[in-house]
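*Asks:* Give me a 3D structure for the following:
(chains A and B)
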Amino acid sequence: MGSQTDTMDKIVALCRRRGFIFGSSEIYGGIGGFWDYGPLGCELKRNIKDAWWHDMVQCPPPGPNGESYQMVGVDCSIIMNPKVWEASGHVGGFSDPMVDCKESKSRYRADQLSVIKGQDTAGQMFAFSSDDEESQARAVKKAAKYFKVSADELSGVTSTVSLETVDDAAFGQILGPEAKEVGTLTQPRDFNLMFETFVGALQESTSKAYLRPETAQGIFANFKNVMDSTRVKIPFGIAQIGKAFLNEINPRNFTFRSREFEQMEIEFFCKPDTSKMWYEFWRDTRLHWYESLGIKSDKLRPREQTEEELAHYSDACTDIEYLFPFSEETQELEGVAHRGCYDLTQHGKHSKGKENAYAVMDDATKQRFMPHVIEPSAGVDRFLLASITEAYSYDENRASPEFMKFHPRLAPIKAAVFPLVAKDGMPEVADPIYQEIRKHFPCQFDAKQSIGKRYARMDEAGTPFCFTIDGQSKEDGTVTVRNRDDASQERIDKSRCLEYLRDKLGL
RNA sequence: GCGGGUGUAGCUCAGUGGUAGAGCGUCACGUUGCCAACGUGAAUGUCGUCGGUUCGAAUCCGAUCACCCGCUCCA
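*Replies:* Numbers count the residues shown, from 1 in each chain, chains lettered A, B, ... in the order given. You can find the predicted model right below:
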């Protein structure tokens, strides 16, 4: 664990030092759970989003039977009509009232606590964790003593109810599950993870709205618009990349659990009887996508959710997890969920009062059916963090031990051009090479300081290739190319730099 | 929300009552001429903030803010 933490600390330090990621609002002391991407970080992030959009929307892989299908994009507003979140279940679902015990310092979910109470409303009550038999047994024992009956007779003189039915005023009479004194439980407090805001300048309750906790609902809300305007036919997918917000109680692990984050989501609509096939297709496609961008498969673990973990409407869900240096357990990068027809049905109910309002016609059978949905939902920032930790390399035998081994598609800077020294006509040879490359690839020119420092800087930025113009260049027109990964060098003709890059990067 | 820790230069940190420091990094000049090279020089600080004690506070006391770690929770 120690060395893992050290690695993570080094990565965080490098991210800051080289301008990948800064803490938000640092000059004012920062703000927990929010992060800024610097010059290199924002290039990396663009590369990730561009790769996803290209590979999933512009040019998606052939379907399970080799057939093609349509993928289209949307870009929805972050603030939507609050009814969207009632329909999606977020207003209820993300709202977990919590109860703290001031004595035992424990925290409980209010809906998971029960109390044993007698007829007398002024009498003592005994709380226990509903799903914990030991906790219940303890409460029963104490209650039996208090009511002066045997444990078997207790149910005759008391009733067991959910804590949520207890009057706020009566909380002083409750004995907490792990407390010795009465009245140590706080009243249930709301821990809704959605950010609230107000639409319009007046902060009235009627103008309350939410920052979206996921981008998916914008897609569902526009399902009919897209069907009506785009000539798409099932099976097809709608994709969106955008910001989402969750007011995490406890943001941790660098950018992994942030309060503001970006998602890349697909809602793929298909016929119910093909949904299992498409679910497996998207699960495998998404897993392979990460591998294709340099995430090693032994750190990447698809994990099928267990029956208990699944949401009640979901038939199946695979979390694609990655082994970050900050934890010994894999952490979720993406969830590929089979959502059945839950979302469209919910929006049908809430917006039109009809469950099947968004059913579509099957051309072959002339029957209307509710499309089923496969949802590959990826975290941009999480994959970005994974690509950074994956790229981070340390080799003490190198002059520059730390280097970032980014996949060529993700590398923020693809090449650098250096005159070995800033004189003897070398900058004049270097400049046209730089000017040509930068038209096609992000490229940097650097003539300052020693060549070693310049290579080291590019290693930390993860730049795959550096072209250096030296004394020999003026004589025979060749330059050296230096490879980031093994620091090897070769000479090529200066006219071949761009061609060399295209070839080696595969872009 | 509870408990613990930390706030001094861009970074890592030293400085326990008496002039604000080091290494690294950054920048300039010179030298060198392919791997964080060498020499010389420079810039960068309301010592987290506010208040108290004191002739005098980065240092002692109080409060406050922010961040980090653990618990809790978790797309």
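*Asks:* Kindly list the main-chain dihedrals of the residue nearest the centre of chain A?
*Replies:* Note on chain A: the residue nearest the mean C-alpha position is residue A:379, at 2.6 Å, using CA atoms, centre = their mean. Backbone torsions of residue A:379, given as degrees, to the nearest 10, read phi -90, psi 120.
*Asks:* Where does the prediction get shaky in the stretch 151-300 of chain A?
*Replies:* Within the stretch 151-300 of chain A, the segments meeting pLDDT under 70 span A:189-191.
*Asks:* What residues does the stretch 351-500 of chain A have near RNA strand B?
*Replies:* Neighbours of RNA strand B within the stretch 351-500 of chain A, by CB under 7 Å from any atom of the strand: A:377, A:379, A:381-382, A:398-402, A:420-421, A:423, A:448-453, A:455-457, A:459-460, A:468-471, A:479-480, A:482, A:487-489. Quick note: C-beta positions are derived from backbone N, CA and C, even for glycine.
*Asks:* all helices in the stretch 151-300 of chain A, in order from the N-terminus.
*Replies:* A:154-157, A:216-221, A:223-230, A:275-292 (DSSP state H, counting those that start in this stretch).
*Asks:* Give me the buried positions along the longest one.
*Replies:* What that stands for is helix A:275-292. Applying a neighbour-count criterion of 16 or more other CB atoms under 10 Å, one finds A:275, A:277-283, A:285-287, A:289-290 buried in helix A:275-292.
*Asks:* Confirm residue A:310 sits in a helix?
*Replies:* No - Residue A:310: not assigned to a helix; according to DSSP: H, G, I helix; E, B strand; the rest coil it is coil.
*Asks:* Next, count neighbours for the nearest residue to it once chain neighbours are set aside.
*Replies:* Counting by CB to CB, 6 or more residues apart in numbering, residue A:317 is the residue found nearest to residue A:310 once chain neighbours are left out, at 5.9 Å. Burial measure for residue A:317: 21 neighbouring residues, criterion other CB atoms under 10 Å.
*Asks:* Over to residue A:143?
*Replies:* Neighbours of residue A:143 (other CB under 10 Å): 24.
*Asks:* Buried residues of the host helix or strand of it, list them for me.
*Replies:* Secondary structure assignment for residue A:143, by DSSP states H and E: helix A:133-147. Buried residues in helix A:133-147, defined by neighbour count with 16+ other CB under 10 Å: A:135, A:136, A:138, A:139, A:140, A:143, A:144, A:146, A:147.
*Asks:* so who does the second one touch?
*Replies:* Pointing back at residue A:136 there. Taking CB atoms under 8 Å, 6 or more residues apart in numbering as the criterion, residue A:136 is in contact with A:114, A:128, A:129, A:130.
*Asks:* Out of those, flag the one nearest to RNA strand B.
*Replies:* Looking at the contacts of residue A:136 and their distance to RNA strand B, the nearest is residue A:129, at 9.8 Å (CB to the nearest atom of the strand).
*Asks:* Without its sequence neighbours, what residue ends up closest to that closest one?
*Replies:* Nearest to residue A:129 is residue A:135, by CB to CB, 6+ apart, at 4.3 Å.
*Asks:* Just the pLDDT at residue A:122, thanks.
*Replies:* The score at residue A:122 is 78. That number is its pLDDT.
*Asks:* How about the one 4 residues further on?
*Replies:* pLDDT, the model's per-residue confidence, is 88 for residue A:126.
*Asks:* Provide the strand pairings for the one helix or strand it maps to, with the direction of each partner.
*Replies:* In this structure, residue A:126 is located in strand A:125-129 according to DSSP H and E. With DSSP bridges as the test, strand A:125-129 is paired with strand A:113-118 (antiparallel), strand A:174-175 (parallel).
*Asks:* Minimum distance to residue A:500: which of the ones you listed has it?
*Replies:* Ranking these by proximity to residue A:500 (CB to CB) places strand A:113-118 first, at 66.8 Å.
*Asks:* What does residue A:51 show for phi and psi?
*Replies:* Per degrees, to the nearest 10, the backbone of residue A:51 is at phi -60, psi -40.
*Asks:* Now do it, the pLDDT please.
*Replies:* Reading off the per-residue confidence, residue A:51 sits at a pLDDT of 97.
*Asks:* Reformat the contacts of residue A:136 as CSV; add neighbour count.
*Replies:* Formatted as CSV, those follow (neighbours: other CB atoms under 10 Å):
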residue, neighbour count
A:114, 24
A:128, 28
A:129, 19
A:130, 16
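*Asks:* so which of those comes closest to residue A:11?
*Replies:* Proximity of the contacts of residue A:136 to residue A:11, judged by CB to CB, is greatest for residue A:129, which lies at 38.9 Å.
*Asks:* need the contact list for the closest one.
*Replies:* By CB under 8 Å, 6+ apart, the contact set of residue A:129 is A:108, A:112, A:113, A:114, A:135, A:136, A:177.
*Asks:* What separation is there between the fifth one and residue A:147?
*Replies:* Residue A:135 is 19 Å from residue A:147, where distance means CB to CB, to the nearest Å.
*Asks:* Could you look up the SS state of residue A:31?
*Replies:* If you use three-state DSSP, then residue A:31 falls in the coil class.
*Asks:* now check the helix holding residue A:143, is it near RNA strand B?
*Replies:* No - using CB under 7 Å from any atom of the strand, no contact is recorded between helix A:133-147 and RNA strand B, whose separation bottoms out at 13.2 Å.
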